[in-house]
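Q: Fold the following.
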Amino acid sequence: MLPDSYKSLISTYGLVHTPNVLTKICDLNSDISEVQNFLSLEDIASLSQLYEMSGMPKGHILFASDCKGNMLCFKLSDCASQQTDAPVWFFNYGACTVTQVSSSFIKWLDQFNEL
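A: Numbering: from 1, shown residues only. Got it, this is the predicted structure:
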């Protein structure tokens with residue numbers, strides 16, 4: 001159920017780890033949602049269920065985390081209807097809210113290339 005654009009990134013580069021992104025975002029005073037770790041396929045399923053049990057609205061697939069326990073995710077309904085690419089959503093763990101941060105995974109990645 002993951003978008004092709006995400007599967008392509010993971011199959012080409014593996015699990016991306018981006019510890020320097022937060023520093024760059026802070027240095028540039030950017031409002032981009034930072035990302036630190038992409039999740040393994042095993043972690044995607046188990047953490048998605050765990051986060052749902054701890055308050056995340058149902059129907060999301062986690063794919064990456066920031067350094068604060070917040071998660072980046074896709075909506076299951078978006079993945080089912082848009083198999084090539086899908087919007088990226090941000091789950092704020094403390095507030096238990098999910099907000100859209102990009103209209104597509106590719107556009108979301110491009111934000112980091114522009115830093």
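
Q: my read: Cys73 touches Ser65, true?
A: No - the pair Cys73 / Ser65 is not scored as a contact, 10.0 Å apart, by C-beta atoms under 8 Å. No exception for glycine: its C-beta is placed from N, CA and C like everyone else's.

Q: The two: who's more crowded?
A: Using other C-beta atoms under 10 Å as the criterion, Cys73 and Ser65 rank with Cys73 on top: 26 against 21.

Q: List the contacts of that one.
A: Shown in contact with Cys73 (C-beta atoms under 8 Å, 6 or more residues apart in numbering): Ser48, His60, Ile61, Leu62, Phe63, Val88, Trp89, Phe90, Phe91, Val98.

Q: Quick check: of the residues you listed, which has the highest neighbour count?
A: Most neighbours among those, by other C-beta under 10 Å: Val88, with 27 neighbours.

Q: Just the pLDDT for that one.
A: Note for Val88: predicted pLDDT of 96.

Q: and it, bridged to which residues?
A: Ser102 (DSSP bridges).

Q: Which of the three states applies to the spatially most central residue of the chain?
A: Central residue of the chain (C-alpha atoms, centre = their mean): Leu72, 2.6 Å from the mean position. The three-state assignment at Leu72 reads strand, by DSSP: H, G, I helix; E, B strand; the rest coil.

Q: Not counting sequence-adjacent ones, nearest residue to it?
A: Excluding the flanking residues, the one nearest Leu72 by C-beta to C-beta, 6 or more residues apart in numbering is Ala64, at 4.3 Å.

Q: and that neighbour, how many neighbours does it have?
A: Using other C-beta under 10 Å, Ala64 has 22 other residues around it.

Q: who touches it in this structure?
A: Val35, Gln36, Asn37, Phe38, Leu39, Met71, Leu72.

Q: Counting only helices, which of the residues you listed make the cut?
A: Taking DSSP state H, every one of those sits outside helices.
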